[in-house]
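Enquirer: Sequence plus predicted model, see below.
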Amino acid sequence: LAFNPWTGTLWEAEFGPRGGDEVNLLRPGRNYGWPVVSHGATYVGGFQIGEGKSKPGLEDPIKVWVPAVSPSGIAFYTGDAFPGWRGSLFLATLNPPQLVRLSTEGDRVTGEERLLQGLARFRQVLQGPDGLLYILTDETQGRVLRLEPVDASAPAR
C-alpha cells in the first residue's frame, strides 16, 4: 500500500492468479471484484477466473499486468535526486525480477518503465530521507541496494 502524496489516495498492488497482477486505487465502500472478475487464469488448466475481466458495479484496476510481474513493495517518489521520476510509483517485483516505475498524473498511470531487470528479485522499495531509492532484495543473503543518479559529467570507470 502507498498513499499518493499529491492526491491523498491510497494505492494498492496485488498478485493476480497466473497473471492479472493489479494496481488499484482504493476507495471506501468499493468492490474490487475478486473472485467475480479477474485478468488472471487458474493455475491448473489456464481457465478464466470468474465472469470476465470487468463488470458493472465493480472497480477496474488502474494498471494490470498479463503476464504477471509479481509486485511486492510499492512507494511513490517525492525526492529531488531523480527529478524526472518525481511523482512516479515504484514497484519492487519478484517475477520477472525488476524495478517497475509507473509515471502518474494525479490518480492515473501514464507510462511504465522497467529497470534493473534480472539483477535480483526485489521485495521492497522505499525512498530514503536523502531522496535516493533503497531496494530490498529477496535472496538467501538479502541485500539493501541504494539507487543513485548517474553524474554525466564524471569520468567513466
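Expert: Now that the structure is in, tell me what you want to look at.

Enquirer: where does the one residue sitting closest to the centre of the chain fall, phi/psi-wise?
Expert: Nearest to the geometric centre of the chain sits residue 91, at 3.1 Å (CA atoms, centre = their mean). Taking degrees, to the nearest 10, you get phi -130, psi 120 for the backbone angles of residue 91.

Enquirer: Ok, residue 133 next?
Expert: For residue 133, the backbone dihedrals are phi -100, psi 140 (criterion: degrees, to the nearest 10).

Enquirer: Pull the number of nearby residues for it.
Expert: Other residues near residue 133 come to 24 when the count uses other CB atoms under 10 Å. Every residue, glycine included, has its C-beta placed from N, CA and C.

Enquirer: Nearest residue to it in space, ignoring adjacent ones along the chain?
Expert: Using CB to CB, 6 or more residues apart in numbering and skipping the chain neighbours, the partner closest in space to residue 133 is residue 147 (4.1 Å).

Enquirer: And for residue 42?
Expert: Once chain neighbours are set aside, the closest to residue 42 by CB to CB, 6+ apart is residue 49, at 6.0 Å.

Enquirer: surely residue 93 meets residue 67?
Expert: No: Residue 93 sits out of contact with residue 67 when judged by CB atoms under 8 Å, with a separation of 11.6 Å.

Enquirer: What separation is there between residue 124 and residue 30?
Expert: In this structure, residue 124 lies at 26 Å from residue 30, with CB to CB, to the nearest Å as the measure.

Enquirer: Local confidence estimate at the residue nearest to residue 42?
Expert: Looking at residue 49, its pLDDT is 84.

Enquirer: With residue 20 instead?
Expert: According to the predicted model, the pLDDT of residue 20 comes to 89.
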